[in-house]
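Enquirer: Here is my input, please return the structure:
(chains A and B)
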Amino acid sequence: MDFEAIRSYLPLYWDALGLTVRIGWQGVALALALGVLCAVTLHLRLPVLRRLVAGYIELFRNTPLLVQLFFLYFALPKIGLRMSPAVCGVLGLGLLCGAYMAETIRSGLESIPPIQTESAQSLGMTRMQVFCHVILPQAVSRSVPGLVANVIFLLKETSVFSTVSLMDLMFTAKDLIGMYAKTMECLTLLVVFYLIMLLPVSVLGSLLERRLRHAEFGP
Amino acid sequence: MKKAVIRRAAAAVMILALTLALSVAAYASDGEYRTLDEIKDSGVINIGVFSDKSPFGYVDENGDYQGYDVYFANRIGEDLGVEVNFVSTEAASRIEYLQTGKVDIILANFTVTEERAEEVDFALPYMNVSLGVVSPEDAVIESLDDVGEDDQVIVISGTTAETYLTKNEPDIKLQKYDAYAEAKTALENGNGVAWANDNTEVMAFAIENPGFVVGIPTLGSADTIAPAVTKGNDTLLDWLNEEIKSLGEEEFFHADYEATLLDTYGADYEETLVVEGGLVAGAGETADAPVETAKAGG
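Expert: Numbers count the residues shown, from 1 in each chain, chains lettered A, B, ... in the order given. A predicted model of the protein is given here:
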């Protein structure tokens, strides 16, 4: 291990971590928003919109992020739509993971037995009331483990960003290896930095899960 | 709650320990290679080439490897009496491919530099090279001073152009890509003001893509390109050196140039680019020939 080299690489890794986290979280925010909208659309069986949403989900779940980024960054400029690498990164992540989020939330929604809807309606609640006060809170708490898994998945997907010249963690490591050939140092740092980024998410996720389950099932 | 945290932290420590153990193991086996006899016995030689760097190493429309490097690789296979298995590499992973024994020889337009020579063994050179910069003709970059403060110059990760600019022009912002195909598309799309790479490569790009010109034909020191083998693989290295010397007698690399590069560069660059028999001539015939073989830096 060349610790001198490691020290000189550290600032680059911190930069890369900053970029990865920044783009990653913007992607997560977009994905969550999209996911909720799509899942609700599907659950309420809104006409026309439902078909669009289903199309979107299938399109983005069944193509790799790499391909989506290629398309956003290299193909769209040919028809005059030019976006910065960072915007492509956020959009790519958000759209890809939005599809996953939608499915996760939908499965949460559908796990609530229909008898609850029927009971609530027989008490005189409107369709909207049933959805907002009975179904959604339970569905969200049931979806949390899946959602956290999606967030971690999405943050790891940033490792294909090199395609659009974003210096994320993976690309920084590869780049340094290419220039200085200190493979072991660079890869060890890479693992450490991914852990720095993802362990807190993982831990926070399990705390959140416990907290919500507590609300659902009591102590 | 605490338990979960502790469990995860413990898992993290384990992972880290495992990584370290693995990397130490990798270090111990650093320089894994097959000797000349082992290659001959197996009947196959693995040669790392580019698959997207026309006209040096690329895959043609029939899915076959073609180009200046590939032409040489095929000859190596022929003279060794073994089959050639082409392995497609990226610029940044060429050293790793050798160190981990994934290929026996790298013939991916590999410029000889001091840093790389510490990690791999270079055979005799077979081509001259320098750096060059290509840019759109309506905003030509003729000197690195033309690069504005906010402009980005495209480079490929792991190339000598990247190292040169990082070292000598730290103020220039670089836009880095993994692969040649992506860098070229990025330049076409105008994502950067110019693309810095081996001058052979940027010249080929300008010839194939109207609207682009090479504003800076030579930059930094004149270097050479040579085959590389895993450090310590002396039997293969010696054989390669002998091979390159004997190929010089039949002017093999001139024939290689005429078969693979003539269409792109024309006859003018033949003496500038080709190195025959491992002997760097010192001076080519064209005016902008990279004359002195100064320090192998860049």
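
Enquirer: contacts and neighbour counts: CA atoms only from here.
Expert: Fine.

Enquirer: how about low-confidence regions in the stretch 1-150 of chain B?
Expert: Within the stretch 1-150 of chain B, the ranges that satisfy pLDDT under 70 run B:1-5, B:8-9, B:12, B:15-16, B:19-31.

Enquirer: Pull the number of nearby residues for the closest residue to residue A:99 other than its chain neighbours.
Expert: Excluding the flanking residues, the one nearest residue A:99 by Cα to Cα, 6 or more residues apart in numbering or on different chains is residue A:57, at 4.7 Å. Burial of residue A:57 is recorded as 22 neighbouring residues (other Cα atoms under 10 Å in any protein chain shown).

Enquirer: List the buried residues for the host helix or strand of residue A:57?
Expert: Secondary-structure assignment from DSSP states H and E places residue A:57 in helix A:49-61. Neighbour-count burial for helix A:49-61, counted by 16 or more other Cα atoms under 10 Å in any protein chain shown, picks out A:50, A:53-54, A:56-57, A:60-61.

Enquirer: I'd like those residues as CSV, with pLDDT and distance to residue A:80 appended.
Expert: Below are these laid out as CSV (pLDDT from 0 to 100; distance: Cα to Cα, whole Å):
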residue, pLDDT, distance to residue A:80
A:50, 91, 30
A:53, 94, 26
A:54, 94, 28
A:56, 95, 23
A:57, 94, 26
A:60, 93, 22
A:61, 90, 26
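
Enquirer: Show me what the longest helix seen in chain A is packed up against.
Expert: Using DSSP state H, we find that the single longest helix of chain A is helix A:3-43. Applying 3 or more Cα pairs under 8 Å, 6 or more residues apart in numbering or on different chains; DSSP states H and E, we find helix A:3-43 packed against helix A:49-61, helix A:85-110, helix A:136-157, helix A:169-180, helix A:183-217.

Enquirer: Any idea which of those gets closest to residue B:116?
Expert: Closest to residue B:116 of those is helix A:169-180 (Cα to Cα; 8.0 Å).

Enquirer: Verify the assumption that residue B:86 is located in a helix.
Expert: No - Residue B:86 sits outside any helix when classified using DSSP: H, G, I helix; E, B strand; the rest coil, being strand.

Enquirer: Just the CA atoms of the helix holding residue A:57, as PDB, please.
Expert: What follows is helix A:49-61, C-alpha atoms only, in PDB (Å, rounded to 0.1, in the frame of the first residue of the first chain):
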ATOM      1  CA  LEU A  49     -52.900   8.200 -18.000                       C
ATOM      2  CA  ARG A  50     -52.800   4.600 -16.800                       C
ATOM      3  CA  ARG A  51     -51.700   3.400 -20.200                       C
ATOM      4  CA  LEU A  52     -49.000   6.100 -20.500                       C
ATOM      5  CA  VAL A  53     -47.700   5.200 -17.000                       C
ATOM      6  CA  ALA A  54     -47.600   1.500 -17.800                       C
ATOM      7  CA  GLY A  55     -45.700   2.300 -21.000                       C
ATOM      8  CA  TYR A  56     -43.200   4.400 -19.100                       C
ATOM      9  CA  ILE A  57     -42.600   1.800 -16.500                       C
ATOM     10  CA  GLU A  58     -42.000  -1.000 -19.000                       C
ATOM     11  CA  LEU A  59     -39.700   1.200 -21.100                       C
ATOM     12  CA  PHE A  60     -37.500   2.200 -18.200                       C
ATOM     13  CA  ARG A  61     -37.500  -1.000 -16.300                       C
END
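
Enquirer: Give me the residues contacting the following helix or strand past that helix.
Expert: Sequence-wise, the next helix or strand downstream of helix A:49-61 (DSSP H and E) is helix A:65-70. For helix A:65-70, contacts defined as Cα atoms under 8 Å, 6 or more residues apart in numbering or on different chains pick out A:88-89, A:92-93, A:96, A:157, A:160-161, A:163-164.

Enquirer: Repeat the analysis, applying 10 Å as the threshold.
Expert: Here helix A:65-70 makes contact (Cα atoms under 10 Å, 6 or more residues apart in numbering or on different chains) with A:59-60, A:71-76, A:85, A:88-93, A:95-97, A:154, A:157-164, B:182.

Enquirer: The closest residue to residue B:246 other than its chain neighbours and chain A: what is the separation?
Expert: The spatially closest residue to residue B:246, leaving aside those adjacent along the chain, is residue B:277, at 6.8 Å (Cα to Cα, 6+ apart). Noted for residue B:277: a distance of 29 Å to chain A, by Cα to the nearest Cα, to the nearest Å.

Enquirer: Now do the phi/psi pair for residue B:277.
Expert: phi 70, psi 20 (degrees, to the nearest 10).

Enquirer: What score does the residue in chain A that chain B sits nearest to have for pLDDT?
Expert: Nearest to chain B in chain A, going by Cα to the nearest Cα, is residue A:178, at a distance of 4.0 Å. According to the prediction, residue A:178 has pLDDT 82.

Enquirer: and it, what does it touch?
Expert: Counting by Cα under 10 Å, 6+ apart, residue A:178 has contacts A:172, B:90-96, B:116, B:157-160, B:162-163.

Enquirer: Three-state assignment for residue B:116, please.
Expert: helix.

Enquirer: before we move on, back to that, contact partners for the residue nearest to residue B:246?
Expert: Contact analysis of residue B:277 by Cα under 10 Å, 6+ apart lists B:124-126, B:241-253.

Enquirer: picking that back up, as a whole number, average confidence for the longest helix of chain A?
Expert: For helix A:3-43, the per-residue pLDDT averages 92.

Enquirer: and it, how far out from the chain's middle?
Expert: Computed by Cα atoms, centre = their mean, to the nearest Å, the chain-centroid distance of helix A:3-43 equals 8 Å.

Enquirer: The closest residue to residue B:219 other than its chain neighbours is in what secondary structure piece?
Expert: Nearest residue to residue B:219, sequence neighbours excluded (Cα to Cα, 6+ apart): residue B:131, at 4.9 Å. Element membership of residue B:131 [criterion: DSSP H and E] is strand B:127-136.

Enquirer: Report all helices and strands that that strand contacts.
Expert: On a contact count with 3 or more Cα pairs under 10 Å, 6 or more residues apart in numbering or on different chains; DSSP states H and E, strand B:127-136 meets strand B:152-156, helix B:160-168, helix B:180-188, strand B:194-198, helix B:199-208, strand B:212-225, helix B:270-273.

Enquirer: Might you report the residue contacts of residue A:42?
Expert: So residue A:42 contacts A:36, A:49-54, A:102-103, A:106, A:109 (Cα under 10 Å, 6+ apart).

Enquirer: make it 8 Å
Expert: Residue A:42 is in contact with A:50, A:53-54, A:106, counting by Cα under 8 Å, 6+ apart.

Enquirer: who's in contact with the strand holding residue B:131?
Expert: B:111, B:140-141, B:160-161, B:187, B:193-200, B:202-203, B:206, B:211-226, B:272-275, B:280, B:290.

Enquirer: where does chain A have low pLDDT?
Expert: Along chain A, the model assigns pLDDT under 70 to residues A:214-219.

Enquirer: quick check: domain ranges of chain B?
Expert: B:36-126+B:226-273, B:129-222 (automatic domain parsing).

Enquirer: export these to TSV and tack on mean neighbour count and distance to residue A:80?
Expert: Shown next, in TSV, are the domains of chain B (neighbours: other Cα atoms under 10 Å in any protein chain shown; distance: least, Cα to Cα, whole Å):
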stretch	mean neighbour count	distance to residue A:80
domain B:36-126+B:226-273	20	26
domain B:129-222	20	10
